[in-house]
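1. Need a 3D model of the sequence below.
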Amino acid sequence: MNKCRNCGAEKKEGVEWYDETYCSGKCKASDGGVIPKSHTSPITQKSTLVDYKQDKRNMRYRRRFDPDKLNWGEPMDATQLKQAGLRANRKPIPGDWDFVVEVADNG
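-> Numbering: from 1, shown residues only. A predicted model of the protein is given here:
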């Protein structure tokens with residue numbers, strides 16, 4: 001399918017879609033589709049401190065203590081974190097939009 005079933009947006013080269021028939025989870029939900037909680041799609045955007053601060057209702061991120069002291073960019077080593085005055089790299093936690101459950105390989 002080359003168009004979103006809900007909004008009619010056309011697929012563009014190199015742009016990830018939510019699934020084969022919808023351009024986003026919002027379009028799927030608007031069309032009456034059910035979005036399972038465990039759904040994970042390829043992560044194509046990065047989280048930033050600005051995004052976190054704009055998320056006033058905590059819909060996309062879990063609350064964090066002193067978010068200004070976290071590195072929200074590419075991971076840094078301990079020396080880089082210390083030099084930047086940061087205490088840790090931000091890691092996705094349950095409740096964050098980009099949290100992915102790691103599945104153990106028992107094989």
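2. Domain-wise, how is this protein divided?
-> 1-42, 49-89 (automatic domain parsing).
3. so can I have JSON lines of those showing mean pLDDT?
-> Below are those laid out as JSON lines (pLDDT from 0 to 100):
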{"stretch": "domain 1-42", "mean pLDDT": "75"}
{"stretch": "domain 49-89", "mean pLDDT": "89"}
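4. can I get these in TSV with distance to residue 99 and mean neighbour count?
-> Bear in mind the C-beta positions are built from the backbone N, C-alpha and C, glycine included. Shown next, in TSV, are the domains of the chain (distance: least, Cβ to Cβ, whole Å; neighbours: other Cβ atoms under 10 Å):
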stretch	distance to residue 99	mean neighbour count
domain 1-42	9	12
domain 49-89	9	12
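5. how about the helices in this structure?
-> With DSSP state H as the criterion, the chain has helices at 25-30, 49-54, 78-84.
6. Mind putting those helices into TSV with distance to residue 18?
-> Output for the helices of the chain, formatted as TSV (distance: least, Cβ to Cβ, whole Å):
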stretch	distance to residue 18
helix 25-30	5
helix 49-54	19
helix 78-84	34
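7. can you tell me which of these comes nearest to residue 92?
-> helix 49-54 (11.8 Å; Cβ to Cβ).
8. ok, residues contacting the closest one?
-> Applying Cβ atoms under 8 Å, 6 or more residues apart in numbering, the contact partners of helix 49-54 are 60, 61, 64, 67, 68, 70, 72.
9. Understood, closing this out.
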